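In: Here is my input; please provide its structure:
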Amino acid sequence: MDEDTSGQARARTPESSAGARLSDWYLAIVLMLAALLSSIDRTTLSLIIGPIKREFAISDLKASVLLGLSFSLFYGVFTIVAGHLADRVSRRKLLASGILLWSVMEIACGTARNYMQLLLPRMGLGIGEATLQPSAFSMIRDAFPLRQRSRAFSLLQLGPYMGSGVSLLLGGTLLQWAQHGVFAGLPFAAGLAPWHWVLIVTGVIGVPVVLLIMTTREPSRTDTLGATGSAAIGSTATGSTATGSTTLRATLSYLASNWRLQLPLWTAMTLYGMAIGAQSSWLPEAVARSWHVPLPRIGHVLGLTGFILAPIGLLTSGRIADHLASTRGPAAVPRLAMFATGCAALATTIFPFVGLFWAYVAFVCQTLLFSGFAVWGATTLTVVSPGNQLGKLTGFYYLVQVVLGLGMGPAVAAFVATAFHTGPNAIGYAIVETFTVCAALGAVLMGWVGYEINRSLALGTAAARAALSVNPGSSIEHPAR
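Out: Residues are numbered from 1 along each chain as shown. Below you'll find the model as predicted:
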């Protein structure tokens, strides 16, 4: 099914006022499967890096390049390229091509016979996966009205949350099968070690997902004024947005003229990423040093806790955000983020002052409160961004988060531990301080975003209504302050 090219934009049809169609929810589920596949293909290598090191006789440094830099560098750069394409071509076909590319690259990794033959397709994996977020964000923005958009994003975010656990489970199963000769009878199996089959099979799984993507219905684009007459919150319906321009220059011009909306949002999401990056990297080691708990037990408890609580937190946060957006206006979404992440920061401050049991209780509360931050950020980005530039904006948005947020978080915590603390509890104190400060500052900035959204609605209500698919007389027409 190709893009919906009905005479009027989706935002102006009676269909959208009644809510998303079943085909739109099908799209969201398929995008979740694509995100799950992306996470599996990206992280499976960590399970088999030991056998790869031994077979290729490589150092820890070269292994770290395979695990991190080879993928993230090309992912970050090509996210911008993919975002540009997502604003100009069929997003459904772009994403299907990206999945096919990264699946072929994963299979190529599985056939590697030396280090370079593994390194090069690992770079290609990053290029293919770069198509996912810009395409998914743009399609969800156009397919779902604001009152249902957070739930759609919560489905999308389930993929990465589940992917790391599924990759270990699936990879371990495939590795065990290969070790027992399940694949030995295949005609091209000669000379392939068990670890090869883990990558080959996970790559082949991508083919059905490509076919599923091609069965989805691409929503018609909004915020291209030549066709729809809509504009994003904060835009003035002039210049690049008014002409429907999708050039990089137009996007940068839009960012410069609407920095009051974009800058605090991007900074808040980067700080949230830094907080979660610091905690996820160092928490097991901190618990082991402070309470002398064996690492295997820590891994099992924290892994199971995250696997259970994160989906609950994601789906609940999406539903709450949609309810608040439909009754109190679009500013309610960043304000919900402000309240929840601020409470998560408070829960984190308890860690150093209680025993292991109550610290775990505080961790559970923190996980439930904080797990929705990516959903609230994604929904808010679609609120304050024009649809015809959302692909590129998503690319920049993710590049900043990955490099400055998740990438810098572990280093910031290590610096705080080294510079301000000593002893076995140093890294534990550093995690608490890094998470608390970053989450608290992010909460303040999300409050600022909520204020700016209401301010922009007050200054340009007609344009804002068009961007949000808000009909006259709806509950969002006069947002609660």
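
In: tell me the domain ranges of this protein?
Out: 15-220, 248-462 (automatic domain parsing).

In: low pLDDT regions in the stretch 201-350 of the chain?
Out: Applying pLDDT under 70 to the stretch 201-350 of the chain flags residues 223-246, 296.

In: Need the domains of the chain in TSV (columns: mean neighbour count).
Out: The way it works is simple: take the backbone N, C-alpha and C, and place the C-beta from them, glycine included. Converted to TSV, these look like this (neighbours: other C-beta atoms under 10 Å):
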stretch	mean neighbour count
domain 15-220	20
domain 248-462	20
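
In: Quick one: the helices in the stretch 201-350 of the chain, in order.
Out: With helices called from DSSP state H, counting those that start in this stretch, the stretch 201-350 of the chain shows them at 206-214, 239-243, 248-257, 259-291, 295-328, 332-348.

In: Can you say which of those helices is nearest to W358?
Out: Nearest to W358 among the helices of the stretch 201-350 of the chain is helix 332-348; the distance by C-beta to C-beta comes to 10.9 Å.

In: Next, the angle helix 259-291 makes with the closest one.
Out: On the basis of axes from the mean of the first three to the mean of the last three C-alpha atoms, to 10 degrees, helix 332-348 is oriented at 20 degrees to helix 259-291.

In: tell me the angle of helix 332-348 relative to helix 295-328?
Out: Relative orientation of helix 332-348 versus helix 295-328 (the same axes, to 10 degrees): 150 degrees.

In: just how off-centre is helix 332-348 within its chain?
Out: 19 Å (C-alpha atoms, centre = their mean, to the nearest Å).

In: so what's A136 up against?
Out: 31, 34-35, 95, 156 (C-beta atoms under 8 Å, 6 or more residues apart in numbering).

In: try 6 Å
Out: A136 makes contact with 31, 156, according to C-beta atoms under 6 Å, 6 or more residues apart in numbering.

In: Please tell me the pLDDT value assigned to it.
Out: Per-residue pLDDT puts A136 at 96.

In: Next up, identify which helix or strand it is on.
Out: helix 132-143 (DSSP states H and E).

In: Tell me what angle that helix forms with helix 206-214.
Out: Angle between the axes of helix 132-143 and helix 206-214 is 20 degrees (criterion: the same axes, to 10 degrees).

In: just to revisit the earlier point, V402 is nearest to which of the helices of the stretch 201-350 of the chain?
Out: helix 259-291 (7.6 Å).

In: Give the other helices and strands that that closest one contacts.
Out: Applying 3 or more C-beta pairs under 6 Å, 6 or more residues apart in numbering; DSSP states H and E, one finds that helix 259-291 contacts helix 295-328, helix 373-384, helix 409-420, helix 426-459.

In: Can you show me the CA trace of the second one as CSV?
Out: This points to helix 373-384. C-alpha atoms of helix 373-384 as CSV (Å, rounded to 0.1, in the frame of the first residue of the first chain):
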residue,chain,number,x,y,z
PHE,A,373,11.3,10.0,29.0
ALA,A,374,12.0,8.9,25.4
VAL,A,375,8.2,8.7,24.7
TRP,A,376,7.5,12.2,26.1
GLY,A,377,10.5,13.6,24.2
ALA,A,378,9.5,12.1,20.9
THR,A,379,5.9,13.3,21.3
THR,A,380,7.0,16.8,22.2
LEU,A,381,9.4,16.9,19.2
THR,A,382,6.5,16.1,16.8
VAL,A,383,4.4,18.8,18.5
VAL,A,384,7.0,21.6,18.0
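
In: ok, residues contacting it?
Out: By C-beta under 6 Å, 6+ apart, helix 373-384 touches 141, 149-150, 153-154, 157, 233-234, 261, 265, 269, 272, 317-318, 330, 333-334, 337, 341.

In: switch to 7 Å and redo it
Out: Helix 373-384 has contacts (C-beta atoms under 7 Å, 6 or more residues apart in numbering) with 137, 141, 146, 149-150, 153-154, 157, 232-234, 261-262, 265, 269, 272, 314, 317-318, 321, 330, 333-334, 336-337, 341, 390, 393, 397, 449, 453, 468.

In: go on, the third one?
Out: Identification of contacts with helix 409-420 by C-beta under 7 Å, 6+ apart yields 273-278, 281-282, 426-427, 430-431, 433-434.

In: Just put the residues you listed in CSV and tack on distance to M105.
Out: Below are these laid out as CSV (distance: C-beta to C-beta, whole Å):
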residue, distance to M105
G273, 26
M274, 29
A275, 32
I276, 27
G277, 26
A278, 31
S281, 26
W282, 31
A426, 41
I427, 36
A430, 37
I431, 35
E433, 40
T434, 35
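
In: Of those residues, which pair is most distant in space?
Out: Farthest pair in the contacts of helix 409-420, by C-beta to C-beta: G273 and A426, 22.9 Å.

In: Let me know whether G165 touches F307 as I believe.
Out: Yes. With contact defined as C-beta atoms under 7 Å, G165 and F307 form a contacting pair (4.9 Å).

In: shared neighbours of these two, which are they?
Out: Residues touching both G165 and F307 (C-beta under 7 Å, 6+ apart): there are none.

In: And the helices in the stretch 51-200 of the chain, which stretches?
Out: 60-64, 70-86, 91-110, 115-129, 132-143, 146-179, 194-204.

In: closest to Y360 out of these?
Out: Of those, the one closest to Y360 (C-beta to C-beta) turns out to be helix 146-179, at 19.2 Å.

In: For L324, give me its contacts.
Out: Here L324 is in contact with 332-333, 336 (C-beta under 7 Å, 6+ apart).

In: please redo it, this time with the cut-off set to 10 Å
Out: 147, 150, 330-333, 335-336, 480 (C-beta atoms under 10 Å, 6 or more residues apart in numbering).

In: before we move on, what about V209?
Out: Here V209 is in contact with 30, 33-34, 36-38, 95-96, 99-100, 103 (C-beta under 10 Å, 6+ apart).

In: Let me know the closest of those to W197.
Out: S103 (15.2 Å).

In: measure that closest one to R113 for me?
Out: Distance, S103 to R113, using C-beta to C-beta, to the nearest Å: 20 Å.

In: Nearest spatial neighbour of N114, chain-adjacent residues omitted?
Out: F56 (6.4 Å; C-beta to C-beta, 6 or more residues apart in numbering).

In: and what of G342?
Out: A443 (3.8 Å).

In: my guess is that neighbour contacts M269, does it?
Out: No. Look at A443 against M269 with C-beta atoms under 10 Å: they stay out of range, at 12.0 Å.

In: Between these two, which contacts overlap?
Out: By C-beta under 10 Å, 6+ apart, the residues touching both A443 and M269 are 337, 373.

In: now do the same end-to-end measure for stretch 60-73.
Out: Stretch 60-73 has an end-to-end distance of 19 Å (C-alpha to C-alpha, to the nearest Å).

In: actually stretch 173-187, sorry about that
Out: Stretch 173-187: ends 22 Å apart by C-alpha to C-alpha.

In: tell me the average confidence for it?
Out: 86.

In: Over to stretch 146-155?
Out: 94.
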